[in-house]
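> prediction below, plus the sequence it came from.
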Amino acid sequence: MAFSATGWVTVCAAKAGNAPSMYLYKTADTQATVNTADYFLSLKDTLKVGDIIFVYDTTTPSLVLTYVNAVSSTAVDIADGTTVSATDTD
């Protein structure tokens with residue numbers, strides 16, 4: 001699939017300095033798909049290196065914590081990220 005703005009939410013936008021902004025992205029796409037180069041290309045004017053993205057895959061379900069590691073006028077790349085795991089024993 002492709003990026004869908006309907007699943008994109010700004011959690012915290014940095015107003016000044018080098019602080020990262022934080023975003024949440026809810027999608028049925030797998031993390032492998034979301035991690036594909038230029039998946040977030042339509043956000044190239046919004047994202048900056050270091051911005052944090054929580055990616056929630058509704059199919060698995062799973063949550064991955066990642067960040068933007070490259071942005072240019074023609075490309076956006078995110079790190080592979082770390083899956084946040086939880087146990088529910090009840």
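Looks like it came in fine. All values derive from a computational prediction rather than experimental measurement.
> C-alpha only now, for contacts and for neighbours.
OK.
> three-state assignment of A16?
Going by DSSP: H, G, I helix; E, B strand; the rest coil, the secondary structure assigned to A16 is coil.
> list the beta-bridge partners for V64.
Note on V64: beta-bridge partners by DSSP bridges are V55, T83.
> how much space between it and L47?
18 Å (Cα to Cα, to the nearest Å).
> buried stuff in stretch 21-29?
S21, M22, Y23, L24, Y25, K26, T27, D29 (16 or more other Cα atoms under 10 Å).
> S85 versus the first one, what's the distance?
What it means is S21. Distance, S21 to S85, using Cα to Cα: 23 Å.
> for the most centrally placed residue in the chain, list the residues it contacts.
Centroid-nearest residue in the chain: I53, 3.5 Å away (criterion: Cα atoms, centre = their mean). By Cα atoms under 8 Å, 6 or more residues apart in numbering, the contact list for I53 reads M22, Y23, L24, Y25, L65, T66, Y67, V68.
> in strands only, show me these.
M22, Y23, L24, Y25, L65, T66, Y67, V68 (DSSP state E).
> and which of these is nearest to W8?
Y25 (4.6 Å; Cα to Cα).
> who does that closest one bridge with?
W8, V55.
> I figured it hits W8, correct?
Yes: contact status for Y25 versus W8: in contact at 4.6 Å, counting by Cα atoms under 8 Å.
> and stretch 32-40, average pLDDT?
Across stretch 32-40, the average pLDDT comes to 95.
> where along this protein do the strands fall?
Using DSSP E, strands in the chain cover 8-12, 22-27, 52-57, 62-71, 76-78, 82-84.
> what comes up buried for the longest one?
Residues of strand 62-71 classed as buried: L63, V64, L65, T66, Y67, V68, V71 (neighbour count, 16+ other Cα under 10 Å).
> with stretch 10-19 instead?
For stretch 10-19, burial by neighbour count (16+ other Cα under 10 Å) applies to no residue.
> that stretch spans what distance, first to last residue?
Using Cα to Cα, one end of stretch 10-19 lies 14 Å from the other.
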